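> 3D, please:
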Amino acid sequence: MRAAILSIGTELTRGELTNTNASWLATRLTELGFEVTRIDCCDDDIPRIGESLSTLVRDHGVIVSTGGLGPTTDDLTTEAFAKHAGVPLVRDEKQLEELEEKFRRFGRAMAENNKKQADFPKGSSVLPNPYGTAPGFEIALGKARAFVMPGVPREMKPMFDDQVVPRIQALSPRQSHQHRFVVLGKPESEVGLMLDGVEAAHPGVTIGYRAHFPEIEVKVLAKGSDEDDAKQRAEKASAVVRKILAPWIFGEGPGSVIDFAAQIFREKKLTLALAESCTGGLLSQLLTEQPASDYFIGAAVTYANSAKTTLLRVPNGLIEEHGAVSAPVAKAMAEGARHVFGSDLAVAITGIAGPTGGSAEKPVGLVHIALATAAGTTPHELQFRGDRFRIQRMAAYTALKIATTYARASR
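Below you'll find the predicted structure:
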């Protein structure tokens, strides 16, 4: 069963927003056993939306669309789908009542233009949206089943998993299986070279890659006569991939480096604190983009030397003797953070992110990371290459890897 994705929004075609919805949906559809053969993107224009739909319905059994379900005049998706299906729009009074109730709970008066969000193509089925004001809908377009959802990711993702997946799961032939690795510490080009030959040695297997610096996603997709056959093929190839990439595999299955790290700290019941200098709070931000209060205690962003001495009690003489970017100062920062926050582990990061500030002895990209635990403090000296963005991200992710490696090995 072929599936297609249609992303609608002028903000996408102008480059004002990155189309993360399409990549997420493509991954989920592939995991469900569908063959995603096309991803289209068009602006908020009824004729052009119609042109895309005319193309997609010819070759796909499932079409998943996002965007254009809001209350403003440029939100034209519902009207475009109705026009393509040759049916009128019909107001759903139940959805209108629920929409009005949501605004009452928000403590806001509902504007007149919000009422259009209760209009749906005649004959379609409503997909309720408990996380926002824009319901989605399912509609038949010829032989294809189309599922139209809001573009806001936090609304779209649960709608897809909770309502769309149960409706399309039976349509998948289930002749494929995918295993996923998250790799850290190797660029995509090197990972590709290391895995060269795996596909040839395993018929029916395709190796895919997705780079989200500094993470690399390696996808082992196998197709077989049925799901069991595909799973066996995927497992055999994955065993080879696992052996080749073992030192750099951060986790397996759905999730990111941050997801896997959080899972490990929770499983080990360990708490973490941070002392960040050259990363300016980047690692703290990465950890708290999802709930983290059960393992992440807090962080001190001590960018200036005075902040290091005042907040973390790093001796001023230590900074004068060795410099702020040094192993002794990194160790003192980590120990100070562990003492201040009372955490099981504390990681400190101090370095030269550039583009200025480097010297022959301490070049741009030099980073010292220290991990403080009850057993002592371990320093790490690293040299990263690239611009400021890359150096900061590599420093943050490497610091997390050092802490996570320790947590994995603890009892």
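> what's the most centrally placed residue in the chain in contact with, if anything?
Computing the C-alpha centroid of the chain and ranking residues by CA atoms, centre = their mean puts residue 256 first, at 6.4 Å. Applying CB atoms under 8 Å, 6 or more residues apart in numbering, we find residue 256 in contact with 182, 212, 215. For every residue, glycine as well, the C-beta is placed using N, CA and C.
> If you drop the residues flanking it in sequence, what lies closest to the second one?
Meaning residue 212. residue 256 (7.8 Å; CB to CB, 6 or more residues apart in numbering).
> What's the per-residue pLDDT of that neighbour here?
On pLDDT, residue 256 comes in at 93.
> cool, the one 5 residues further on as well?
According to the prediction, residue 261 has pLDDT 98.
> For my notes, confirm residue 5 occurs in a helix.
No: assignment of residue 5 by DSSP: H, G, I helix; E, B strand; the rest coil gives strand, placing it outside any helix.
> Pretty sure it sits against residue 25.
Yes: at 5.2 Å, residue 5 and residue 25 qualify as touching, with contact defined as CB atoms under 8 Å.
> any shared contact partners between these two?
64, 66.
> can you pull the contacts of residue 298?
273-274, 341.
> Also residue 95?
With CB under 8 Å, 6+ apart, residue 95 has these contacts: 117-118, 120, 126, 128, 135.
> Try it again at 7 Å.
Residue 95 is in contact with 118, 126, 135, counting by CB atoms under 7 Å, 6 or more residues apart in numbering.
> Let me know how buried the nearest residue to residue 59 once chain neighbours are set aside is, in neighbour terms.
Spatial nearest neighbour of residue 59, excluding adjacent residues (CB to CB, 6+ apart): residue 2 at 6.1 Å. For residue 2, the count of nearby residues is 16 (other CB atoms under 10 Å).
> Distance check, residue 2 against residue 31.
16 Å (CB to CB, to the nearest Å).
> again with residue 286
Counting by CB to CB, the gap between residue 286 and residue 31 amounts to 25 Å.
> Could you do residue 24 as well?
11 Å.
> Return the residues in contact with the spatially closest residue to residue 143 that is not a sequence neighbour.
In space, and not counting its chain neighbours, residue 143 is closest to residue 61: 6.8 Å by CB to CB, 6+ apart. Residues in contact with residue 61 (CB under 7 Å, 6+ apart) are 1-2, 143-145, 171.
> Derive a ChimeraX selection command for the buried subset of those.
To isolate in ChimeraX the members of the contacts of residue 61 that are buried, counting by 16 or more other CB atoms under 10 Å, one can use:
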select :1,2,144,145
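> where exactly do the strands run in the stretch 51-200 of the chain?
62-66, 89-91, 119-121, 125-127, 136-141, 144-149, 176-184 (DSSP state E, counting those that start in this stretch).
> now the contacts of residue 298 as CSV including distance to residue 101, secondary structure and neighbour count?
CSV is the format used below for those (distance: CB to CB, whole Å; DSSP: H, G, I helix; E, B strand; the rest coil; neighbours: other CB atoms under 10 Å):
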residue, distance to residue 101, secondary structure, neighbour count
273, 43, strand, 26
274, 43, strand, 30
341, 43, helix, 19
